[in-house]
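pasting a predicted model and its sequence here:
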Amino acid sequence: MNQNIENIIALHIRVEGLVQGVGFRPFVYRLAQQYGLHGWVANTTGGVSIKVEGLMGHMACFVEDLRYKAPAVSVIEEIAVQNDIPEGLGEFSIMDSLDMSDETSEISPDISVCPDCLEDMKRQPHRIGYPFINCTNCGPRFSIIKDFPYDRAKTTMAPFEMCTKCREEYSEISDRRFHAQPVACNNCGPHYSMHHANETLTDLNDLIKKTCGLIEKGAVIAIKGMGGFHLMCDALNQQAVARLRKIKIREGKPFAVMFRDITTLKKYAEVTAVEEQALESWRRPVVILKSIMPLDSGVSLDLDTLGAFLPYMPVHYLLFEKLHTPALVLTSGNLSDEPILIDNRAAKETFSEKADALITYNREIYNRNDDSVVRVITDKERVFRRSRGYAPAPVRLNFRVDGILAAGAELSNCFCLGKDSRAYMSQHIGDLKNQETYEFFEETIKRYQQLFRVKARIVAADLHPDYLSTRFALQSGLQVIQVQHHHAHIASCMAENSIHEPVIGIAFDGTGYGTNGHIWGGEFMVCDYARFERFAHFEYMPLPGGDRVAKEPWRMGLSLLRMAYGQNLPDMNLPLLKQVDPGILKKVDEALAKGINCPLSSGAGRLFDAVAAITGLCLNARFHAEAPMRLESAIRQGVSDIYDFVDAREISFLPAIRQICGDLQTGLDAGSIAAKFHNTVAETSLQTAINIRKETGIDKVALSGGTFQNKYLSELLERKLLLNNFTVYTHSRVPCNDGGLALGQIAVAANNLII
Ligand code: ZN
Ligand code: ZN
Ligand code: FE
């Protein structure tokens, strides 16, 4: 050894990011063994600390592997390598966690069961068919964590004492279950039980067999999942799907479908390489795909898309082993707008009468965590609902947001809590108008402050005085900074992309409170984090009946027809004029003429509502944003024509509306009209961006707002902007819809504090 001493170097390495609870220390240990290095690794404040000594060449390989061979779930934000003095350290070891005081590391999201565990489930004697099998690479995390640091005693696994075998694995460095906090087996872990008619089944084999039998017969079953209950039935059984819809008291919204495997799924939907990656990732989100073979129309309601996902809990695999059907509807176990149920007793009360059977298990879900929803647009994954598998990963910012709480929007609420320069976005909370959801919102805000050791001092909120999230902020007794809705949308996109220069922000959504008291939502602004200037916007449209237009798009159709034709509305053969009750139609028409209860809106969503209604694609909406979804779904591919519009500070689509009516009279199909309309909105947006660039010299464009969930519009506009030499920024891990609003609020609030 002595002759090599001059070749021995020492390094001190700090790794930051999501590196705890994901098998990172055992990985470092194995790597050090492989290269014959000495030293230690320990969990520390905000990450992992490593001291290594060894030959220079081996050290270089070690550092490289650290970055590139890290466990799949870990997220390395930063590796800081410093030269250190060799101390002649002994064999490489894993040290106890260093004290973390007020600091916290990141909390891993829940992870789908890994292939190794699925194998173990067949082979390990104490885990044969064990449905709660997990290891350092997989299993529940966020949903069972009560407090920090992440340790079994602080999870809902606490009541389960490890058996000797599990403890051995837990303590053995070379074992895949070394320090896997939820480690368990048939002898010591949680178990399922099933309640059906008057019997209770606890033997897993019987339970799976019974469940499969019931499902094949068309039953609807409530089953406890990772972050909440699901309602489940055969996706190919029309009656079962119809019954499930009745139970949920939800007429319209498409259901998510879990497929046996990717091969089966590909028979039902088109799957690109990026979509396949998303489907098979450990996050296992619901991915919105283009369907090719429709399931029962009760599932996707004749939209051309399918929300699909793959098994992610061991029990899903066990079910599909026995099931004949290739696909299960697996939808959030809640009624209407209530949050997804997590409590066994509440599930029993809610579902025992309604569902045919109830399957629970005896481990508590602590943090409610619904399935996440993503869509791939321009080959990039876009999160629409950010929950299981994504929360509570922070967004790292280049400025401090410490002690700021952003209350978010009212519908599709997520809030955001700032610590240092990290923004912790909450999991999907939901519609705050629902009492239970509001309680979930308040409770989760308290939990995040405790979990991440930060006390909110300032609250950022929307300008809308009636949003329950705004009221929450105003009643908090803390300093409140109110942020305009669309400024927050754009700031959210900027923050996600770490942009610091001013951008051209294009924010399209249904509704957002404007600074002039009108409703905004077709907005072109020049902004940075601190302030914005509204540069151009869609022409204001009266909303006859105010909020009622969201459920009755035909009102928007009528409103736009009146704007386009005034009192000289020609006698046209439009479904809207024929199908709506003439008495009601006349009343609304009079209200429009007199301007009674007709607030003004520039919302893009409202414009899409109007066109969906005029073309007869959707007169009444059964769920949020149904009309724009139907309009997108109807698009005929390969149509490149556009309609006329007025390119001005107040952009008018009235020429387009008149041309649409003309097309309808000549019998052009709704699909072509839908395509031409989308093309028009994209072209308008491009022209407006060009106008703004001429005046300001800014060539960076940020796109945000719920309307950009529209794949056709997003892809077309992004392409047009790129072709015209704009740099385009879009969302990916943060929703473009109101679920991403809180990130923008926190960014704007922070930058207004500094100035
Ligand atoms: Zn595993
Ligand atoms: Zn055990
Ligand atoms: Fe919005």
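Yep, that arrived. Ligands and ions are numbered 1, 2, ... in the order given.

state the distance from the nearest residue to residue 295 once chain neighbours are set aside to ligand 3.
Counting by C-beta to C-beta, 6 or more residues apart in numbering, the nearest residue to residue 295 once its immediate chain neighbours are dropped is residue 235, at 5.2 Å. Every C-beta, even on glycine, is put in place using the N, C-alpha and C of the backbone. Residue 235 sits 32 Å away from ligand 3 when distances are taken as C-beta to the ion, to the nearest Å.

and residue 235, how many neighbours does it have?
Residues within reach of residue 235, counting by other C-beta atoms under 10 Å, total 27.

adjust the sequence numbering to begin at 22 for everything that follows.
Yep, numbering from 22; the last one is residue 256 now.

thought it was touching residue 346?
Yes - the pair residue 256 and residue 346 passes the contact test of C-beta atoms under 8 Å, sitting 7.0 Å apart.

shaky segments in the stretch 222-371 of the chain?
Applying pLDDT under 70 to the predicted model, the residue ranges of the stretch 222-371 of the chain that meet it are 271-272.

quick check, residue 585 in contact with residue 681.
No - contact criterion C-beta under 8 Å: residue 585 and residue 681 do not qualify, at 9.1 Å.

which one of these two has more residues nearby?
For residue 585 versus residue 681, the count of surrounding residues by other C-beta under 10 Å is larger for residue 681: 26 against 21.

which residues touch the more buried one?
Residue 681 makes contacts with 632, 635-636, 664, 694, 697-698, as judged by C-beta atoms under 8 Å, 6 or more residues apart in numbering.

what do you get for residue 669?
If you count contacts by C-beta under 8 Å, 6+ apart, residue 669 has them with residue 557.

let me know the secondary structure of it.
Here residue 669 is coil, with the state taken from DSSP: H, G, I helix; E, B strand; the rest coil.

please report how far it lies from residue 558.
With distances defined as C-beta to C-beta, to the nearest Å, the gap from residue 669 to residue 558 amounts to 10 Å.

again, but for residue 366
The span separating residue 366 from residue 558 equals 50 Å under the rule C-beta to C-beta.

show me which of the two is the more surrounded one.
The residue with more neighbours, out of residue 366 and residue 558, is residue 558; 23 against 9, by other C-beta under 10 Å.

so what's the more buried one up against?
For residue 558, the residues meeting the contact criterion (C-beta under 8 Å, 6+ apart) are 541, 543-545, 623, 670-672.

same thing but 7 Å
For residue 558, the contacting residues are 541, 543-545, 623, 671-672, taking C-beta atoms under 7 Å, 6 or more residues apart in numbering as the criterion.

weed out the non-buried ones from those residues.
Buried residues within the contacts of residue 558, defined by neighbour count using 16 or more other C-beta atoms under 10 Å: 541, 543-545, 623, 672.

with pLDDT and secondary structure added, can I get those residues in JSON lines?
Formatted as JSON lines, the entries for those read as follows, by pLDDT from 0 to 100; DSSP: H, G, I helix; E, B strand; the rest coil:
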{"residue": "541", "pLDDT": "98", "secondary structure": "strand"}
{"residue": "543", "pLDDT": "98", "secondary structure": "strand"}
{"residue": "544", "pLDDT": "98", "secondary structure": "strand"}
{"residue": "545", "pLDDT": "98", "secondary structure": "strand"}
{"residue": "623", "pLDDT": "98", "secondary structure": "coil"}
{"residue": "672", "pLDDT": "98", "secondary structure": "strand"}
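
just curious, which of those is nearest to residue 761?
residue 544 (15.6 Å; C-beta to C-beta).

show me what the closest one is bridged to.
Using DSSP bridges, the bridge partners assigned to residue 544 are residue 528, residue 558.

ok, is stretch 293-311 in contact with ligand 1 or not?
No - residues of stretch 293-311 contacting ligand 1 under C-beta under 5 Å from the ion: none, with a closest distance of 9.8 Å.

you'd agree residue 295 is up against residue 397?
Yes - judged on C-beta atoms under 7 Å, residue 295 makes contact with residue 397 at a distance of 4.9 Å.

between these two, tell me which one has more neighbours.
Counted by other C-beta under 10 Å, residue 295 and residue 397 do not tie: residue 397 has more neighbours, with 21 against 15.

confirm that that one lies within a strand, as I assumed.
Yes - under three-state DSSP, residue 397 falls within a strand.

any idea how far it lies from residue 293?
Distance, residue 397 to residue 293, using C-beta to C-beta: 7 Å.

residue of the stretch 422-571 of the chain nearest ligand 2, please.
residue 472 (27.8 Å; C-beta to the ion).

likewise the stretch 522-671 of the chain?
Residue nearest to ligand 2 within the stretch 522-671 of the chain (C-beta to the ion): residue 644, separated by 44.6 Å.

what helix or strand is residue 426 on?
Using DSSP states H and E, the secondary-structure element containing residue 426 is strand 425-427.

that strand pairs with which strands?
Partners of strand 425-427 in its sheet, by DSSP bridges: strand 437-440 (antiparallel), strand 479-483 (parallel).

which is the next helix or strand following the last one?
Toward the C-terminus, strand 479-483 is succeeded by helix 489-495 as the next helix or strand (DSSP H and E).

the first one too?
Moving toward the C-terminus from strand 437-440, the first helix or strand encountered (DSSP H and E) is strand 443-446.
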